[in-house]
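> Give me a model of this one.
(chains A and B)
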Protein chains: 2
Amino acid sequence: MDLVTIDDISDAAARIDGLVLRTPLIDNQRLSGEFGTRVLLKAENLQHSGSFKVRGALNALLSWQERGELPEGVVSFSAGNHAAAIAYAGKRLGVRVIVAMPSKPVPSKVANVERFGGEIVPTDDLAATLAELAEEHGYPILHPFDQPEVIAGQGTAGLELCADGPSPDLVLVPVGGGGLLSGVAAAVRKLAPAARVIGVEPATSNAMGQSLAAGEVVRIPNPSATVADGLTAPFAGQYTLPHVQAYVDEVVEVDEDAIHSAWRELIEASKLLVEPASAVCLAALRSGVVRAPEGGVTVLVISGGNADLSRLAGLG
Amino acid sequence: MDLVTIDDISDAAARIDGLVLRTPLIDNQRLSGEFGTRVLLKAENLQHSGSFKVRGALNALLSWQERGELPEGVVSFSAGNHAAAIAYAGKRLGVRVIVAMPSKPVPSKVANVERFGGEIVPTDDLAATLAELAEEHGYPILHPFDQPEVIAGQGTAGLELCADGPSPDLVLVPVGGGGLLSGVAAAVRKLAPAARVIGVEPATSNAMGQSLAAGEVVRIPNPSATVADGLTAPFAGQYTLPHVQAYVDEVVEVDEDAIHSAWRELIEASKLLVEPASAVCLAALRSGVVRAPEGGVTVLVISGGNADLSRLAGLG
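Here you go, the predicted model:
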């Protein structure tokens, strides 16, 4: 399989330029002081639609459009952020969007999809419902992570973080299905070859870790509940797994308590509204699973901000 | 009285360069769509110590240092953000900081002062306690707003917002004692002369509005409670009032319900953790007190992010 290259990512960046926000890379003095490493936050929670996902969604649709293959509609499945992203991208390009989502989603994520005119089909079996939707409508699947154009699009976040700040020594990326990690690692491996790139996933939803251990795609039909609702992909991808094998140094796991504590800490320390998925990287540093490079530069990729304010109550 | 000029602000910018964050000016598509104006957020909640206040604090201390007058300690009063800012600045320059704060402050604001080694004296009479502290220690006052160096320092936020984005048609600024508004207006008046600059204060804590109406400094010994805890200055300043008279188009008021609604909306729409004081500008747009320039550029100055997560519970 041909892996996504830095050229694919540069092409994606040109394609989506002006349609996505070049999100700030924010120096965080408080976390820097605590970890003895310069901590920079790549704030994709500020991205249009509230997460990095719009990068991949736009790159996929625009790639199809360039080839004269823009469909009338697309189908997909999502915990919420990819759904909002493709609804956003679809609205801009006049493409209908129908997406299977968990029957008990985060309410703000539903609102975020509907704001852009996305059509939601609630289900307890995302994969089966996706197949049914594709069959029923005859629309192609715009996959949440396992598609080269999506991986290249997410990689533009990696391109930016390398261009906009000091050369990183460590880049930490949240892992669900591995699209963000694959793309960011492809960019960083080329632009900052000495940097360690580490993916972080919830111990209760560790499809990538299991797949790496097995050396092949492992499916977890029903990942255990995690507060990091954005990271509950039921499998690592046939595309993402080889990217992670080729470009990523390590994928580590963090437990629920660590994610919950880090979620609160990250919001307070960063002054950013982030969703729990974004906190796994800080959880990995705080729990000692990953050691920060002393005196070096550590980038935490903040994946999204679609959190319910009511859920913050317990954090106060 | 000589007003602070663009040269004073440029000097301040050079003085504090590298010690403060050049905070991002963030395009907000959601609010832009809703108001029919391009909404940009000057995100001072991301500033070191959690608010814009560190700009003025550093400029004041560094100005003293340049003149060979850096004191061993300073005293002041504050609802919390200025206290944290001078504690932060004092720690960097080896200056002791003692500050009178309300006896029932926002808990996170106390923690934020103590983090930087600031000494807090709780009181129900800020002005009297400040006078006592100055007398007892013989330290000069580093005023939260009514000092030219402080105004010039805050003005660097205005300098940046003009330099980093499209020329604004409207700039909205929260008003407590008026230091931020004075400095930002001095910069914007020069760099974007056609822009309207409007200050926004809580109707229940409107020292600036009362002072403008009276044509002289009006004292409100006990401003009524407002959710915008950062905007409870008991008087407009002898320095800030003339700046506002000279540079500002208008100061408007918003009621508590409008602030509360806007606080929630701003956090959800911006994905920034902001304190209620930062929401008065959105409240002014939402309540119709200020009309956004259709098709134009509107900048909201987000003053700070020192909010208690527990207080967000009621917003969910």
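> After the helix or strand where residue A:121 lies, which helix or strand is next?
For residue A:121, the host element (DSSP states H and E) is strand A:119-123. Of the helices and strands lying after strand A:119-123 in sequence (DSSP H and E), the nearest is helix A:126-137.
> Now do that next one, average pLDDT.
In this model, helix A:126-137 carries a mean pLDDT of 94.
> Next, find the distance separating residue A:282 from residue A:47.
Separation of residue A:282 from residue A:47 (Cβ to Cβ, to the nearest Å) stands at 19 Å. Quick note: C-beta positions are derived from backbone N, CA and C, even for glycine.
> The strand holding residue A:121 to helix A:126-137, inter-axis angle?
Angular relation of strand A:119-123 and helix A:126-137 on a 0 to 180 degree scale: 130 degrees, by axes from the mean of the first three to the mean of the last three Cα atoms, to 10 degrees.
> can you list the residues of chain A near chain B?
In this structure, chain A approaches chain B at residues A:21, A:24, A:26-27, A:29-30, A:45-46, A:48, A:50, A:108, A:115, A:264, A:267-268, A:270-274, A:305, A:308-313, A:315-316, judged by Cβ under 8 Å from any Cβ of the partner chain.
> Buried among those? Make that a PyMOL selection.
Buried subset of the residues of chain A next to chain B, written as a PyMOL selection, criterion 16 or more other Cβ atoms under 10 Å in any protein chain shown:
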select buried, chain A and resi 21+24+26+27+30+45+46+48+50+108+264+267+268+270+271+272+273+274+305+308+309+311+312+313+315
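> Can you flag which of the residues of chain A next to chain B belong to strands?
Secondary structure assignment by DSSP state E places A:26, A:27 of the residues of chain A next to chain B in strands.
> What are the contacting residues of stretch A:30-40?
Around stretch A:30-40, the neighbours that count as contacts under Cβ atoms under 8 Å, 6 or more residues apart in numbering or on different chains are A:25-28, A:161, A:165-166, A:168-170, A:269-270, A:282, A:285, A:292-300, B:115.
> Dump it to PDB, restricted to CA.
Listed in PDB are the C-alpha atoms of stretch A:30-40, where the atom choice follows Å, rounded to 0.1, in the frame of the first residue of the first chain:
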ATOM      1  CA  ARG A  30       1.700  26.900  33.200                       C
ATOM      2  CA  LEU A  31       2.100  23.400  31.800                       C
ATOM      3  CA  SER A  32       5.600  24.200  30.600                       C
ATOM      4  CA  GLY A  33       6.600  25.100  34.100                       C
ATOM      5  CA  GLU A  34       5.100  22.000  35.500                       C
ATOM      6  CA  PHE A  35       6.700  19.600  33.100                       C
ATOM      7  CA  GLY A  36      10.000  21.200  32.500                       C
ATOM      8  CA  THR A  37       9.400  21.200  28.800                       C
ATOM      9  CA  ARG A  38       8.000  23.900  26.500                       C
ATOM     10  CA  VAL A  39       4.400  22.900  26.000                       C
ATOM     11  CA  LEU A  40       2.700  24.100  22.900                       C
END
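> Tell me, how many residues neighbour the closest residue to residue A:216 other than its chain neighbours?
Counting by Cβ to Cβ, 6 or more residues apart in numbering or on different chains, residue A:241 is the residue found nearest to residue A:216 once chain neighbours are left out, at 7.5 Å. The number of residues packed near residue A:241 is 25, by other Cβ atoms under 10 Å in any protein chain shown.
> going on from the helix or strand where residue A:241 lies, what's the next piece of helix or strand?
In this structure, residue A:241 is located in helix A:240-247 according to DSSP H and E. Proceeding C-terminally, helix A:240-247 gives way to strand A:250-254 as the next helix or strand, assigned by DSSP H and E.
> by how many degrees do the worst-scoring helix or strand of chain A on mean pLDDT and strand A:119-123 diverge?
Ranking every helix and strand in chain A by mean pLDDT, DSSP states H and E puts helix A:107-114 at the bottom, with a mean of 91. Helix A:107-114 and strand A:119-123 meet at an angle of 140 degrees, taking the same axes, to 10 degrees as the criterion.
> how far does helix A:107-114 sit from the chain's center?
17 Å (Cα atoms, centre = their mean, to the nearest Å).
> any chance you could map the helices in chain A?
When assigned using DSSP state H, the helices of chain A occupy the ranges A:6-16, A:29-35, A:53-66, A:81-93, A:107-114, A:126-137, A:148-164, A:179-191, A:207-214, A:240-247, A:256-270, A:280-286.
> low-confidence ranges in the stretch 51-200 of chain A?
Under the criterion pLDDT under 70, no range of the stretch 51-200 of chain A is flagged.
> circling back: of the helices of chain A, give the one that comes closest to residue B:156.
Proximity of the helices of chain A to residue B:156 was assessed by Cβ to Cβ; the nearest stretch is helix A:29-35, lying at 17.7 Å.
> Show me which positions of the strand holding residue A:121 end up buried.
Neighbour-count burial for strand A:119-123 flags A:119, A:120, A:121, A:123 (criterion: 16+ other Cβ under 10 Å).
> ok, of those, which one's closest to residue B:222?
residue A:120 (51.0 Å).
> Which residues are in contact with residue A:61?
Contacts of residue A:61 were listed using Cβ under 8 Å, 6+ apart, and they are A:70, A:74, A:86, A:89, A:90, A:93, A:95, A:142.
> Using ChimeraX, make a named selection holding only the buried ones among those residues.
The buried subset of the contacts of residue A:61, as determined by 16+ other Cβ under 10 Å, is captured in ChimeraX by this line:
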select /A:74,86,89,90,95,142
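> Between all of the contacts of residue A:61, which two are separated the most?
Going by Cβ to Cβ, the two entries of those that are most distant from one another are A:70 and A:86, at 13.1 Å.
> follow-up on the earlier one: tell me the buried residues within the contacts of stretch A:30-40.
Using 16+ other Cβ under 10 Å, the buried members of the contacts of stretch A:30-40 are A:25-28, A:161, A:165, A:168-170, A:269-270, A:282, A:285, A:292-293, A:296-300, B:115.
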